[in-house]
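[1] sequence first, then the predicted structure, then my questions.
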Amino acid sequence: MANNIERPLDLLNQSKGKEILVQLKNDKQLVGTLLAFDIHINIVLANTRELENGEIKKHIGLAFLRGDTIIYISPSQV
Amino acid sequence: MANNIERPLDLLNQSKGKEILVQLKNDKQLVGTLLAFDIHINIVLANTRELENGEIKKHIGLAFLRGDTIIYISPSQV
Amino acid sequence: MANNIERPLDLLNQSKGKEILVQLKNDKQLVGTLLAFDIHINIVLANTRELENGEIKKHIGLAFLRGDTIIYISPSQV
Amino acid sequence: MANNIERPLDLLNQSKGKEILVQLKNDKQLVGTLLAFDIHINIVLANTRELENGEIKKHIGLAFLRGDTIIYISPSQV
Amino acid sequence: MANNIERPLDLLNQSKGKEILVQLKNDKQLVGTLLAFDIHINIVLANTRELENGEIKKHIGLAFLRGDTIIYISPSQV
Amino acid sequence: MANNIERPLDLLNQSKGKEILVQLKNDKQLVGTLLAFDIHINIVLANTRELENGEIKKHIGLAFLRGDTIIYISPSQV
Amino acid sequence: MANNIERPLDLLNQSKGKEILVQLKNDKQLVGTLLAFDIHINIVLANTRELENGEIKKHIGLAFLRGDTIIYISPSQV
C-alpha cells in the first residue's frame, strides 16, 4: 500500500487523477481531484469542494491552491 | 474540462482574460478579470470587487494583489 | 483601460506619479502618490494618508512602505 | 540509544519504517509510520492518526505533511 | 519635495541624519534619528523613543531595529 | 565561563552532550541533552521533557526540533 | 556618541562585551552581555535575564537567541 515512496513528492505523483483531501492552516479542508503540483506544493484540483467539520460548504470547481496554506494532503482519506 | 493542465501555473495561464475568484487569507474574497500573474502568484485583476460572505462590499477596479495573501484561485467559481 | 499589462509590475509602472490605494494586512489603508517601487513591492508614497473604515485618520506625508505588509494596491480606487 | 546521530536528519533517517509522533504548530499531533522525508522536513506517513489531547480524533491513512507546520518529531514517544 | 526618488531606498538615503517615524507591526511606533540602514531595512536610530497612541512611552537611545518588524518609515511625520 | 564564543553557533557546539533548555514560540519549553544541530538551528535532543510554567508535562524521549519554532536556547539554565 | 555607524551591524559590533536590551516579538525583553552575533542577528548573551514590564522574571545565564524573534536591540537602555 505504501510501496514505492522514497521521497515525499512520490506520494503526490501517485495521487494524480485521484481524489485527495487537503487540510488547510485556516482549519478548513478542500477535497478534489489532483491535477497538478509543483515543488512549492502549489496544487491544482478539479471538482473542488470546501469542507468545514466534515460537511461540504461550497463547490469551487477548478482551483489553484498555494502550497504555503497547506498542513497535510491525504489521498486515502476520501 | 481539466485538460492540458500539467503544472499548476497552466491553470492561471488558461484563466487570463476570464473572471476568477481569489480567496484571501484574511477571509475576504476578490473577484475580477485576470490580466497578469508571475511566479510569486502576484496577480493583476481588472474590474475587481471585494466580497464578504458572498456579497460585494467594494468596487476596487484595477488591482495588484500580492501572492502571499492568497489561499486559492478559482476560475470556475464565478 | 487595462491595456498593456503583461506582467503584474506593469500596473505599478503605469501608476507612477498617480494616486494609489494600498490595503495593508493590518486592516488599514494608505492613500498617496506612488513615487517608486522595487521587486519586493517596497514602495514610496508622497502625501500619504492613513485610512480606517474609509476615513482619513492621519497625514503621514512621505513614506517608505515595506512590501510584505501589503495585500493589494489599486490605482483606480481613489 | 542516541548513538550515531551527528546531524539532525540522522534521527529521521533512523526512524524510517517506524512509528513517530509529530507535534504540529496548531496544537494537534499526528502519529504514523515514517515513509519518507526531505530537507524541508516535508514527510510522508502511513497509517496516520490525528490526536487531540492524546486521543485519536481521526484516521487519515497515507499523508503528505508540509515541514513548516511541524514543531517536533519524536520516534520514541509512541 | 519628493524629487530624486527613483528607488524606494533613495528615500531612506535622503533621511540619514534626520528624524524619522517607524510604524511597527505590533502597533507601536519608534521615533529617532536615522543613522544607518541596509537592504533588509534593518536600521539604526539614535535618540529613539517608543510611542503608543502618539505619546512617548519610553526613551530607548541607540537602537538596532530589524526590518521585518516594520510597516512604514516616514521622514516627514515628525 | 563565556570564553571562546566568537560566533553564535559556538555556544551550541560547546553544549553538545549537555542539558539545554529550549524556549519555544508557543510558550512551552523543552529540556533535554543536545545531540546535534544544523545551521537552521534544527536540533536533536535526547531524554526530552516538555515543560509548562516550569513543570514537566510530558516525557518525549528523542526529538527532532525544527529551528523556526525556537526563541532561545540556554545551556546553563538547567 | 553615535559616531562610526555606517551600517546597522556596526552598532552590534560596538556593543560586544556590553550590556544590551533585546525587545522580543512576544512582548518580553532579555537583558544580557552581548558575546556574539551573525548576519541573521542570531546572538549569544551572557548573564541573561528575562524581563516582563521592566521587572526581572527569570535568570537564564548563557543564551543563544534566534534573530527572527527580535524587534530591536538597544545597547544604551540598560
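    Arrived safely.

[2] just the buried residues of stretch A:27-38, please?
    A:28-37 (16 or more other C-beta atoms under 10 Å in any protein chain shown). Where C-beta positions appear, they are placed from N, C-alpha and C, glycine not excepted.

[3] centroid-nearest residue for chain A?
    Nearest to the mean C-alpha position of chain A, by C-alpha atoms, centre = their mean, lies residue A:22 at 3.9 Å.

[4] which residues of chain A fall in helices?
    Counting by DSSP state H, one finds helices in chain A at the ranges A:8-14.

[5] which stretches of it aren't confidently modelled?
    Residue ranges of chain A with pLDDT under 70: A:1-3, A:76-78.

[6] closest one to chain D out of the buried residues of stretch A:27-38, please.
    Nearest to chain D, judged by C-beta to the nearest C-beta, of the buried residues of stretch A:27-38 is residue A:37 at 9.6 Å.

[7] distance of that closest one relative to residue G:27?
    39 Å (C-beta to C-beta, to the nearest Å).

[8] please apply the same query to residue A:65.
    34 Å.

[9] for the residue lying closest to residue A:4 once chain neighbours are set aside, give me its contacts.
    Nearest non-adjacent residue to residue A:4, counting by C-beta to C-beta, 6 or more residues apart in numbering or on different chains: residue A:10, 6.6 Å away. Residues in contact with residue A:10 (C-beta atoms under 8 Å, 6 or more residues apart in numbering or on different chains) are A:4, D:36, D:44.

[10] now render those residues as TSV, adding distance to residue E:72.
    Shown next, in TSV, are the contacts of residue A:10 (distance: C-beta to C-beta, whole Å):
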residue	distance to residue E:72
A:4	51
D:36	44
D:44	43
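
[11] these in strands, which ones?
    Counting by DSSP state E, the contacts of residue A:10 place D:36, D:44 in strands.

[12] now, the buried residues of stretch A:27-38 that are in strands?
    Judged by DSSP E, the subset of these located in strands is A:29-37.

[13] give me the number of residues near the residue in chain A that chain B sits nearest to?
    Residue nearest to chain B within chain A: residue A:61 (3.4 Å; C-beta to the nearest C-beta). Residue A:61 is flanked by 19 other residues according to other C-beta atoms under 10 Å in any protein chain shown.

[14] show me the residues around residue A:66 that make contact.
    Listed by C-beta under 8 Å, 6+ apart, the contact partners of residue A:66 are A:40, A:42, B:41, B:67, B:70-72.

[15] try it again at 6 Å.
    Contacts for residue A:66 (C-beta atoms under 6 Å, 6 or more residues apart in numbering or on different chains) come out as A:42, B:70.

[16] state the phi and psi torsions of it.
    Backbone torsions for residue A:66, taken as degrees, to the nearest 10, come to phi -70, psi 130.

[17] from the contacts of residue A:10, pick the one nearest residue C:51.
    residue D:44 (46.9 Å; C-beta to C-beta).

[18] just to check, that closest one is in contact with residue A:7?
    No: counting by C-beta atoms under 6 Å, residue D:44 does not reach residue A:7; the two are 8.4 Å apart.

[19] so which of these two has more stuff around it?
    residue D:44 (27 against 14).

[20] quick check: the farthest pair among the buried residues of stretch A:27-38?
    Counting by C-beta to C-beta, the most remote pair of the buried residues of stretch A:27-38 is A:28 and A:36, 21.2 Å apart.

[21] how about the residues of chain A by chain B?
    Within chain A, the positions adjacent to chain B are A:35-36, A:38, A:42, A:44, A:46, A:60-66, A:69 by C-beta under 6 Å from any C-beta of the partner chain.

[22] contacting residues for residue A:33?
    A:19, A:46-47 are the contacts of residue A:33 under C-beta under 6 Å, 6+ apart.

[23] excluding its backbone neighbours, what's nearest it?
    residue A:46 (4.5 Å).

[24] residue A:35 is in contact with that neighbour, correct?
    Yes: applying C-beta under 6 Å as the test, residue A:46 and residue A:35 come out as touching, 5.5 Å apart.

[25] just want the residue of chain A that's nearest chain E.
    residue A:68 (16.5 Å).

[26] return the distance of that residue relative to chain G.
    Plainly put, residue A:68 is 17 Å away from chain G if you go by C-beta to the nearest C-beta, to the nearest Å.

[27] give me the neighbour count for that residue.
    For residue A:68, the neighbour count with other C-beta under 10 Å is 17.

[28] do the same with residue A:19
    17.

[29] which positions are bridged to it in the beta structure?
    residue A:33 (DSSP bridges).

[30] and for the one 4 residues further on?
    Each beta-bridge partner of residue A:23 is listed here, defined by DSSP bridges: residue A:29, residue A:72.

[31] repeat that for residue A:43.
    Judged by DSSP bridges, the bridge partners of residue A:43 are residue A:37, residue A:65.

[32] wait, it touches residue A:37, no?
    Yes: judged on C-beta under 6 Å, residue A:43 makes contact with residue A:37 at a distance of 4.4 Å.

[33] not counting sequence-adjacent ones, nearest residue to residue A:8?
    residue D:42 (4.3 Å).

[34] contact partners for the one you found?
    For residue D:42, the contacting residues are A:8, D:66-67, by C-beta under 6 Å, 6+ apart.

[35] give me that answer again for 7 Å
    By C-beta atoms under 7 Å, 6 or more residues apart in numbering or on different chains, residue D:42 lies in contact with A:8, D:64-67.

[36] for residue A:23, list the residues it contacts.
    By C-beta under 7 Å, 6+ apart, residue A:23 lies in contact with A:29, A:71-72.

[37] nearest to residue G:53, out of the residues you listed: which one, please.
    Of the contacts of residue A:23, the one sitting nearest to residue G:53 (C-beta to C-beta) turns out to be residue A:71, at 35.4 Å.

[38] contacting residues for the closest one?
    Shown in contact with residue A:71 (C-beta under 7 Å, 6+ apart): A:23-25, D:24, D:66, D:69.

[39] ok, which pair from these is furthest apart?
    A:24 and D:24 (12.9 Å).

[40] not counting its neighbours along the chain, what's nearest residue A:52?
    Leaving aside its sequence neighbours, residue A:52 sits nearest to residue A:28 (C-beta to C-beta, 6+ apart; 5.9 Å).

[41] residue A:35 too?
    Nearest to residue A:35 is residue A:44, by C-beta to C-beta, 6+ apart, at 4.5 Å.

[42] wouldn't that neighbour be in contact with residue B:4 here?
    No: contact criterion C-beta atoms under 7 Å: residue A:44 and residue B:4 do not qualify, at 11.2 Å.

[43] about what we covered before: mutual contacts of residue A:43 and residue A:37, please.
    By C-beta under 7 Å, 6+ apart, the residues touching both residue A:43 and residue A:37 are residue B:8.
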